[in-house]
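Undergrad: Return atomic coordinates for the entry below.
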Amino acid sequence: YPDCNELPIVDPRGMLTPFFDSWSLDCWIMTANGASLLPSRTSDCAQEQLMADGVAVRTRTELANMTLMTEATVTLRDGVPVCTLEVNANCSEAAYLIIALRPLNPEGISFVHKLVLSEARTKWTVDDDQTVEFSEPMQKFLTSDYAQGDVFSRIRDTLQKDSLPPLKDELEKMSAECDIGLLTGAAIFPVAASFEKSLKVSLPLPTNTDEKLVAGAWQSELNQTCKLQCPEQRYQDIYDAAVRSLILHSPCDVYPGPYTYKRFWFRDAAFIIHAMLSVGMTARAERALAQFPARQMATGYFRSQEGEWDANGEVLWILHRYELLTGKKISSDWDSAIVKGARWITRKRLSVDSDTPHAGLLPPGFSAEHLGLNDYYYWDDFWGVAGLRAAAMLLQDRDPVGSKTCLDDALAFDESINKSLATCAERLRRPAMPASPYRRLDAGAIGSVVVGYPLQACDPRDPRLLDLVEFLLNDCFVDDAFFQDMIHSGLNAYLTLEVAQVLLRAGDARYLTLVDSVASLATSTGQWPEAIHPRTRGGCMGDGHHVWAAAEWVLMIRNFFVREEKDRLILCAGVPERWLAEAAPISFGPALTEFGSVSVTLTTVLNANGQRDVQVHWIADWHERYREVPPEIEIALPGYKSITTEANGNSYVILVKASGDRESTAL
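TA: Predicted structure coming up:
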């Protein structure tokens with residue numbers, strides 16, 4: 001639920017972990033003869049994310065004559081967030097629905113020591129703290145401790161004896177404890193033959209005084225976001241899911257995941273906030289940015305984790321992106337933090353007075369941890385230069401002297417990087433940029449892609465960047481997805497999309513192959529684990545719901561339709577030509593750009609010869625500085641003749657196929 005700090009998670013078979021790092025609830029069906037539908041062991045399972053009214057995860061499993069469907073969501077009840085699990089069970093013969101308490105979650109063990117049943121038999125209290133409420137009294141309550149084994153065996157043995165004994169036989173056992181912490185429990189409800197059994201389980205979530213949850217928050221939040229309309233349902237669903245991921249994981253700070261990564265990194269925050277800004281979540285971005293200064297040390301270092309030297313550059317860059325995309329100046333309260341942050345970058349650099357390839361670079365650090373062990377990473381250096389340039393722009397009007405100092409420092413830093421890269425080109429005998437001055441070309445070189453995206457700190461067709469991308473595509477991709485073979489070992493969705501962004505920017509049609517691959521790797525609920533096993537296609541590292549990946553999907557779709565390139569606004573450069581095969585409108589907006597807010601609509605139209613042309617219509621609300629002289633606009637729809645225009649904020653063009661004889665026309 002928007003602004004709720006609790007983020008319940010659902011596993012691929014519907015098991016619900018309602019609280020952070022907590023026990024879980026699983027649902028089973030069992031017949032009197034011991035036949036069982038256990039979702040974790042059932043191959044026939046379908047799962048989807050429902051987004052018509054907020055967010056819900058529906059899981060349906062079937063086996064023989066049994067069907068089980070669960071739907072998990074979070075709603076408000078008297079102002080309190082409540083995680084609810086609606087369960088529907090059906091069997092052709094008399095059976096039992098079991099709600100099972102499991103001392104585990106997707107990461108491993110989560111201890112349960114005590115379980116108490118209420119007198120009305122409608123509520124569990126777990127470890128004298130958390131509660132599980134049932135919409136009707138359970139017929140039977142069974143538990144089992146570590147010594148007895150899992151409660152599953154007790155249920156099976158009881159059913160196979162005949163049928164469930166009367167509840168009165170168990171009245172003296174209204175609670176159970178396990179010193180080891182491996183207590184398991186079962187709430188058992190009868191299911192009549194060929195009749196659907198419906199049950200609702202409610203779990204009130206903890207709140208703190210800072211949370212201000214309001215009814216109707218989902219609709220209010222979504223009304224402010226950029227909308228995608230496209231004919232490819234897979235792309236549509238993943239985009240809609242990604243937008244909701246950004247909302248869910250920004251209750252105040254931004255989190256790159258609901259569980260394993262429910263903590264703060266400046267690196268992930270920069271990408272996530274960038275996506276939030278791009279699709280109109282300005283207030284959320286402002287709130288997240290406001291948390292940054294408290295994490296700055298007296299030295300000027302923005303620290304989320306020690307030894308990661310990219311953070312300062314990322315903070316300064318995202319602050320500048322905020323100004324560019326919103327058209328608003330940040331508060332002068334930031335001035336001191338900006339100056340100190342920029343000064344830290346310059347002071348952190350190594351001496352330039354040496355003949356080593358690392359002269360003038362940042363010292364060895366862990367950096368983005370998927371690059372490898374501590375090293376002189378160009379990833380850190382590129383962010384450092386970007387941060388200094390951003391600081392120069394942020395201070396330009398308020399501190400001209402400080403601004404010039406930052407710019408001079410950026411130029412000097414950039415010169416050191418270029419000298420270092422020249423030694424790499426000589427050593428490697430090719431222009432491609434490795435991860436560090438002393439590394440061969442390997443999967444860690446993916447970090448150097450940052451100079452092209454998102455920083456756009458080099459020409460789109462810089463030979464060093466394009467040669468790096470060719471190396472990665474040829475040596476580090478599996479089934480058109482980037483395979484990281486160190487630390488984050490697996491297929492990586494967000495890094496694949498960053499390579500796709502470089503290809504899109506260079507006008508290389510292979511970008512779409514990579515984006516299609518990432519779409520195919522998404523779960524049925526529209527999410528990606530941080531690392532994906534190349535064979536099973538399941539998660540093998542990190543959170544199963546990785547928000548950086550969601551942010552990159554949002555930014556990829558955004559750049560399909562609107563992208564800045566220096567002083568130009570480029571429209572439609574990534575829109576797949578296959579989307580135009582139907583007459584249905586395609587639209588995106590309003591999206592924030594450096595020039596203002598822009599909405600784009602594409603419609604196929606039949607010309608006099610019966611051929612399909614495309615009408616591209618845009619509505620722009622330019623930032624004040626561009627209202628008198630709007631930016632130059634290039635419409636570069638794949639497969640169609642490109643056109644450049646200086647049209648105003650409400651214009652359209654007619655594009656014709658690139659192979660045709662007619663010229664595209666601005667109107």
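Undergrad: Now H113: closest residue in space that isn't a chain neighbour?
TA: The shortest distance from H113 to any non-neighbouring residue, by CB to CB, 6 or more residues apart in numbering, is to G181 (5.1 Å). Glycine gets a C-beta too; all of them are placed from N, C-alpha and C.
Undergrad: swap in S599?
TA: Distance criterion CB to CB, 6+ apart; nearest residue to S599, sequence neighbours excluded, is G589 at 2.7 Å.
Undergrad: could you point out where the stretch 51-200 of the chain is predicted with low confidence?
TA: Applying pLDDT under 70 to the stretch 51-200 of the chain flags residues 160-172.
Undergrad: how about the strands of it, start to end?
TA: Using DSSP state E, counting those that start in this stretch, the strands of the stretch 51-200 of the chain run over 56-63, 66-77, 80-91, 95-102, 104-105, 108-109, 114-117, 123-126, 130-134, 140-144, 175-177, 184-191, 197-204.
Undergrad: and what of the stretch 401-550 of the chain?
TA: Assigned by DSSP E, counting those that start in this stretch, the stretch 401-550 of the chain shows strands spanning 477-478, 481-484, 490-491, 531-532, 539-541.
Undergrad: and if you look at the stretch 551-667 of the chain?
TA: Assigned by DSSP E, counting those that start in this stretch, the stretch 551-667 of the chain shows strands spanning 562-565, 568-571, 586-592, 596-606, 612-622, 632-635, 643-645, 650-655, 665-666.
Undergrad: thinking W23 is in contact with L104, fair?
TA: Yes: counting by CB atoms under 8 Å, W23 touches L104, with 7.0 Å between them.
Undergrad: Tell me the secondary structure at S220.
TA: Following DSSP: H, G, I helix; E, B strand; the rest coil, the label given to S220 is helix.
Undergrad: dump the residue contacts of it.
TA: Residues near S220 by CB atoms under 8 Å, 6 or more residues apart in numbering: 2, 214.
Undergrad: Which stretches in the stretch 451-600 of the chain count as helices?
TA: Taking DSSP state H, counting those that start in this stretch, the helices of the stretch 451-600 of the chain run over residues 463-475, 493-505, 511-521, 547-561.
Undergrad: so the last one versus strand 586-592, what angle?
TA: This means helix 547-561. Angle, helix 547-561 to strand 586-592, by axes from the mean of the first three to the mean of the last three CA atoms, to 10 degrees: 110 degrees.
Undergrad: what does the shortest one give?
TA: Relative orientation of helix 511-521 versus strand 586-592 (the same axes, to 10 degrees): 90 degrees.
Undergrad: Name the residues linked to C27 by a beta bridge.
TA: Under DSSP bridges, the beta-bridge partners of C27 are I99.
Undergrad: can I assume it is in contact with D11?
TA: No: checked against CB under 8 Å, the pair C27 and D11 is beyond contact range at 12.0 Å.
Undergrad: Who are the contact partners of G79?
TA: L213.
Undergrad: Pick out the residue nearest the middle of this structure.
TA: For the chain, V547 is the residue whose C-alpha lies nearest the centre (CA atoms, centre = their mean; 2.1 Å).
Undergrad: Surely that one touches I272?
TA: Yes: the criterion here is CB under 8 Å, and V547 meets it with I272 at 5.9 Å.
Undergrad: shared neighbours, those two?
TA: By CB under 8 Å, 6+ apart, V547 and I272 have these common neighbours: 246, 249, 254, 256.
Undergrad: of all the residues you listed, which comes closest to R535?
TA: Among these, P256 lies closest to R535 (CB to CB), at 25.3 Å.
Undergrad: Helices along the stretch 151-300 of the chain, start to end?
TA: Along the stretch 151-300 of the chain, counting by DSSP H, counting those that start in this stretch, helices occupy 151-161, 217-223, 233-248, 266-278, 282-289.
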